[in-house]
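Chemist: Could you work out the structure for the sequence below:
(chains A, B and C)
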Amino acid sequence: MKTVLEMRNISKFYYGNQVLKNVSISVGEGEILGLVGENGAGKSTLMNILFGMPVIHSTGGFEGEIIFEGQKVDIDSPSKAMELGIGMVHQEFMLLPGFTVTENIKLNREITRPNLLSKMLGTKGKRLETLDIPAMRRDARQALDTIKMHSIDEMEYVASLPVAHKQFVEIAREIDKRTLKLLVLDEPTAVLTESEAENLLNIIRLLSEKGISIIFISHRLHEILEVAHRIVILRDGQVVAEGRKEEFTVYQIAEKMVGRKIENVQLPPRKKEISENNVIMSIKHLKVHMPGEEVKDFSIDIREGEILGIGGLAGQGKLGIANGIFGLYPAEGDVTYMGKSYQLNSPMYALKSGIVYVSEDRRGVGLLLDESVEMNIVATAITAFGMFTKKFLGFTVYDRKAIRQHAENLIKELDIRCKGPTQPVRRLSGGNQQKVCLARAFTLNPKLLFVSEPTRGIDVGAKKLVLDYLVKLNREHGITIVLTSSELAELKSICDRIAIVAEGKLAAVLPPTAPDVEFGLAMAGELKEVKVNG
Amino acid sequence: MEKNVKNRIKLILLNNIVPITFFVLTLGAVIAAKIPPLFLISEVVRRLSRNTFLVLALIIPVVAGLGLNFAIVLGAMAAQAALFFVVDWNITGVKGVLLSMIIASLLSIFLGWLVGLTLNRAKGREMITSMILGFFANGVYQLIFLFFIGSLIPFSKTDMLLPQGVGLRNTVDLYGTVAGALNDILVVNIKFINIFIIPLLFVVGLCLFITFLLKTKLGQDFKAVGQDMHIARTAGIDVDKTRIIAVIYSTVLAAIGQVIYLQDIGTINTYNSHEQIGLFSIAALLVGGASVRKASIWNAIIGVILFHTLFVVAPSAGNRLFGQPQIGEFFREFMAYAVIAFALAMHGWRARKARH
Amino acid sequence: MGETMDIKSLVTQIFRKVDIPILVIILFLLSLFVLAAFTTISIPGLISDSLVRIGMNGVLVLAMLPTIRAGIGPNFGLPVGIIGGLLGMLIVMENQIMGPIGFFVAVVISIGFNLIFGWIYAWLLDKVRGQEMMVETYVGYSIVAFMSIMWLVLPFRNPEMVWAIGGVGLRYTLTLQGYFDKVLNNFLRFRIFGDLYFPTGLILFFALMCFIVYLFFKTRAGLSIDLVGQNEMYAISSGIKPRAARRNAVILSTVLAGIGIIVYAQSYGFVQLYQAPLFMTFPAVASILIGGASIRRATITNVVMGTVIFQTLLTVALPVLSQVTRGDITEVMRLIVSNGMILYALTRAPKEAN
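Modeler: The predicted structure follows:
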């Protein structure tokens, strides 16, 4: 089989963080390659490089080579990728709602006819040629019919199409490109129902039979196994396994996706043992509307004094839980806290109840980048509780001296590397910024602390410090901690129990000592299946 | 079934609330003013042939996602500059008009390019930037015509200069040179109403051109960029260049429109004629039902009719209702500003709703 | 050797911190002073006039600060607050409250009006979140046009205020002589030397206003506004309600605008109605930007520096440049400098990366 695409030794850094390490993949003509991996494993970055997306070049480019149809190519823009015959159906739809299906399918590739004015202007007049709508309609119709979408009206406006149809229009657009040789589908079934997904898989097979190569990215492992010819598994920016589909089972894939070497760390003992009767927060049927991390029906009892881990694949809802409880995103459900009914959708209520949240979005939610270290630590304490204030001429203003003192204490305790309490937080390294976030949380005297992705984008040394600090808060101050993370290793290292979230619901609660494969399957929503099948 | 019809009527009313409100208001003012209908009609017809071209020039930037182009003022200034020189060189009649249109257009291509560059640097804030750009350009215009003409830039007709010898006079008379040059070519008279055919032909021509343009590849690119710059860019469209082209078209058309406008008026208020033109043209377009994101030829035509009808009757209505014609004048200014404020508020409200 | 190195690094530091247009403006100002030295114009007199203009305009510039810090941008709708201030002054004049006390009564009345106006105005701005600057501008224009009608219609009767013929409708400008004309300017005014007078009361009042605003931003309410402007999600996660914080910022700005126009009027000696409020907005916006503020960040230092530079520029330019050109070039200069500055601020790439 002829090799259509080869990506050799691709490496990419994002702000000092290596997200791809020497990744090499290849795809043959008409072959369907399944690309699997957790979030942060590098799949989307690899595809962005292939498609020449601007974000790659504005963050320092990449190393390695791309060889397309035997020739080394330099893909520096989406146009270049399209010229070569590479098409991409992105996760977010690239459709213009005010245009018809036809206009979207033919976007920037419209068929035109010359007219008087364009002829007068010669080569400069190309853009003034009239659109040939009937010809465009014919092409669009043909593309839609090729993927068996006879029910989609090519003159309908995209804004009024159901989500699944929008997905198919995206595909129609790509196959309308006659020169299409390789099509990348990034999580195309994420928004589809079972039957629509079936439809899609059939179309993928159809296209492959026509000789179009396909790179199919999905976290639905059974889909990958159904339709792919070969599979590549990425983990932490590296290829950890590849081979023909027949060589894999669902649980082998799951295991490879999450497996990691963990050092066996001895955790300090507790003053008071955790008991399942001592429940600090009981969550029943939580629904959170957080775009990209929808929680559909989540229930769990959080035990007082424990460190509870929440894990799962990206987009499955694990990040939505803490955000919903804390009130950053709209939530509904039945939650009791310390025996009393708990009010959702109010950050102030949460704070006043002793619940503190350290967000996964450090730069966006957790920090005031242009403010000093000390202000970042105390601002919430001042506005929510009036801490660190004094009276001056009848006004209640913040007390610079008290703030300075407190900040200096915490800088020492957490070993925050900075030039001083007045340095703008923007200048600090990721690890130290995270420590500032933790200092901010600690200042608020939490009883229940939600922390999400605390070690994302941080170097190994700082990672350990952060996790150690969380353990310290738990053991020495009795703070119950709910740790949400996509790194299974860190959940396993400090948590007492780990809850896995898949498809917006609780999939399993596992002890940290459970085998990796069970975690992988729970994340893929396959745990029960395998247990049934043995 | 009935609920559907009711909802549809509600939707139509809500979407067209501005023209409808304005129509009711104008009707009221017309009745209150007791102006002879023939006079009113002839005034409105005249303004249709005089002002519509300028309003049409606003459509392309709206389609391309740049919002209301407050910087058409630069096109108007280019037109005036061109006319000053044509008058100075004593080129009369149709020749004078055509020459000034050509000079103004060339100048406007350059100015439009500058405006486009600036707006590309202020994505998301195009309207306020174009507004301030207009004021800034006005400052430069005054600098040139108040201080450089006669000193750094030689001007032969010294009677056009201010008494100090430097700076252009406050009013420049076009009578004897190009005043009425287009109007007078062909006049049709129906029951004492004068219809100036040639400017109207210009208007019709522009309407046809815009319709044609929006059916071309360039027009399609405008629409794509106007809907979503990111998607357009990913599809390979040169977003920055397309926006600049849209602004250039708008500025050139504004320049031509201002020449048509001024040849009808007959005099140029050197330091004022261009200032209000942005305001009134935009208000007219909005009154006709356009919004910051959607504008059509019909919005322009209906808008000119409604807006200028009110314009004509307001002072008399003010006089008859309150005994002070001044109130009428302030009122029509208020209307212009309020209509724009309302359109901008609606735009902001819709944009905010879309985000949640 | 060490000396020159120090100057070089100082210069490069200045270039890095201060934006180019501001440097250009400062250099222009300095060269005007140099030019002035070669003429018969009295420099102490220029400085004296500048001091007055600084104190006169300062509070209006200060009104820009709260909305910038709240993330709404400069308050292009300054006319709303100005109208409140005008109403305060008109009521004082209608009721013939003579003397210095009139100033304080006017301020109190204007605050009353502006608390209400500010509230409504804040409600409107919240509905159009994201397009505030444009909506503010045109709401400002509309209100000024509407009030122009009102000035003709409202029942003011004081013969000094209304048109002589007809007796109905306020005049364009009303003199404050006998009321609180120059009350602040003259308070503790002293002479330094020659033509140079120091308008103590005026400068003290400006300083006082700055101090009050400075203190306010150290309170919980003020800090909340800052947080909302810097990072709305951080503010929400601190239990702050962004809508309330922005509302407070808008009300504060409106109240300051009202006080600002009263300070301006007492220094100028006249109350200006009809179109006049429109001419106060853009210079105030430009001033704070010239002082180093951006659309999203502003400090009291920006307010003071900007007012000093801009007002001194305008004061010095007229007499100096009129020696070189014939005619009043200050109006044109004002247009170019203030709008050019705002344009620069609008077209800067946002420094704050997300």
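Chemist: Which SSE is immediately downstream of the host helix or strand of A:A143?
Modeler: If you go by DSSP states H and E, A:A143 is part of helix A:133-146. Using DSSP H and E, the helix or strand that follows helix A:133-146 in sequence is helix A:163-176.
Chemist: Contacts for that next one, please.
Modeler: For helix A:163-176, contacts defined as CB atoms under 8 Å, 6 or more residues apart in numbering or on different chains pick out A:87-90, A:93-95, A:101, A:104-107, A:109, A:139-140, A:142-144, A:146-147, A:149, A:152, A:158, A:161, A:180, A:183, A:185, A:188, A:191-193, A:196, A:200, A:203, A:207, A:212. In short, each C-beta sits where N, CA and C put it, glycine included.
Chemist: Just confirm A:I416 is within a strand.
Modeler: No. Secondary structure of A:I416 (DSSP: H, G, I helix; E, B strand; the rest coil): coil, not part of a strand.
Chemist: who's in contact with it?
Modeler: Counted by CB under 8 Å, 6+ apart, A:I416 has contacts A:373, A:410, A:428, A:432, A:435-436, A:439.
Chemist: ok, which residues in the stretch 151-300 of chain B are in contact with chain C?
Modeler: B:162, B:164-167 (CB under 8 Å from any CB of the partner chain).
Chemist: Quick one: those residues as TSV, columns for pLDDT, neighbour count and secondary structure too.
Modeler: Below are these laid out as TSV (pLDDT from 0 to 100; neighbours: other CB atoms under 10 Å in any protein chain shown; DSSP: H, G, I helix; E, B strand; the rest coil):
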residue	pLDDT	neighbour count	secondary structure
B:L162	76	16	coil
B:Q164	71	11	coil
B:G165	71	11	coil
B:V166	76	18	coil
B:G167	80	25	coil
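Chemist: Chain C: which of these is nearest?
Modeler: Proximity of those to chain C (CB to the nearest CB) peaks at B:Q164, which lies at 4.5 Å.
Chemist: quick one: contacts for B:G139?
Modeler: So B:G139 contacts C:332-336, C:339-340 (CB under 8 Å, 6+ apart).
Chemist: Backbone dihedrals for it, please?
Modeler: phi -60, psi -40 (degrees, to the nearest 10).
Chemist: A:H406 contacts A:V373, doesn't it?
Modeler: No. Using CB atoms under 8 Å, A:H406 is not in contact with A:V373, being 11.2 Å away.
Chemist: of the two, who's got more company?
Modeler: A:V373 (28 against 20; other CB atoms under 10 Å in any protein chain shown).
Chemist: State the distance from the more buried one to A:E453.
Modeler: 21 Å (CB to CB, to the nearest Å).
Chemist: do A:G420 as well
Modeler: Counting by CB to CB, the gap from A:G420 to A:E453 is 28 Å.
Chemist: More neighbours: which of those two?
Modeler: A:E453 (22 against 12).
Chemist: okay, the residue in chain B that chain C sits nearest to: pLDDT?
Modeler: Relative to chain C, the nearest point of chain B is B:G348 (2.7 Å; CB to the nearest CB). For B:G348, the pLDDT comes out at 84.
Chemist: Now do the buried residues in the helix or strand where it lies.
Modeler: According to DSSP H and E, B:G348 maps onto helix B:325-355. By 16 or more other CB atoms under 10 Å in any protein chain shown, the buried positions in helix B:325-355 come out as B:326-349.
Chemist: now stretch B:271-279
Modeler: B:271, B:273-275, B:277-279.
Chemist: and if you look at stretch A:409-419?
Modeler: A:410-411, A:414, A:416, A:418.
Chemist: For those, give me a markdown table that also has distance to A:F168.
Modeler: Formatted as a markdown table, the buried residues of stretch A:409-419 follow (distance: CB to CB, whole Å):
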| residue | distance to A:F168 |
| --- | --- |
| A:L410 | 54 |
| A:I411 | 55 |
| A:L414 | 52 |
| A:I416 | 51 |
| A:C418 | 52 |
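Chemist: sorry, back to before: disregarding residues adjacent in the polypeptide, which is nearest to the residue of chain B closest to chain C?
Modeler: C:V128 (2.7 Å; CB to CB, 6 or more residues apart in numbering or on different chains).
Chemist: before we move on, what about A:K181?
Modeler: A:K181 sits nearest to A:G85 (CB to CB, 6+ apart), 3.7 Å away.
Chemist: what about the one you found, how many neighbours?
Modeler: 19.
Chemist: Next: B:Q227.
Modeler: The number of residues near B:Q227, taken as other CB under 10 Å, comes to 18.
Chemist: how close does it get to chain A?
Modeler: Plainly put, B:Q227 is 5 Å away from chain A if you go by CB to the nearest CB, to the nearest Å.
Chemist: Quick check: the residue lying closest to that residue once chain neighbours are set aside vs B:I231, distance?
Modeler: Nearest residue to B:Q227, sequence neighbours excluded (CB to CB, 6+ apart): A:L96, at 4.6 Å. Going from A:L96 to B:I231 by CB to CB gives 6 Å.
Chemist: my read: C:G222 touches C:I212, true?
Modeler: No. Here C:G222 does not reach C:I212: they are 10.7 Å apart, not a contact under CB under 8 Å.
Chemist: what about the two, which has more around it?
Modeler: C:G222 (24 against 13).
Chemist: Quick check: the residue of the stretch 401-534 of chain A found nearest chain B vs B:F70, distance?
Modeler: Going by CB to the nearest CB, chain B is nearest to A:G504 of the stretch 401-534 of chain A, at 21.2 Å. Distance, A:G504 to B:F70, by CB to CB: 47 Å.
Chemist: If you count surrounding residues, which of these two has more?
Modeler: Neighbour totals were compared for A:G504 and B:F70, and B:F70 leads with 27 against 21 (other CB under 10 Å).
Chemist: shaky segments in the chain?
Modeler: Looking at chain A here, since you left the chain open. A:16, A:39-40, A:258-265, A:526-534 (pLDDT under 70).
Chemist: Not quite, go with chain B.
Modeler: Using pLDDT under 70, chain B drops low at B:1, B:157-158, B:356.
Chemist: hmm, back to that, for the buried residues of stretch B:271-279, give me a markdown table that also has distance to chain A and secondary structure.
Modeler: Below are the buried residues of stretch B:271-279 laid out as a markdown table (distance: CB to the nearest CB, whole Å; DSSP: H, G, I helix; E, B strand; the rest coil):
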| residue | distance to chain A | secondary structure |
| --- | --- | --- |
| B:Y271 | 38 | coil |
| B:S273 | 32 | coil |
| B:H274 | 30 | coil |
| B:E275 | 34 | helix |
| B:I277 | 28 | helix |
| B:G278 | 27 | helix |
| B:L279 | 29 | helix |
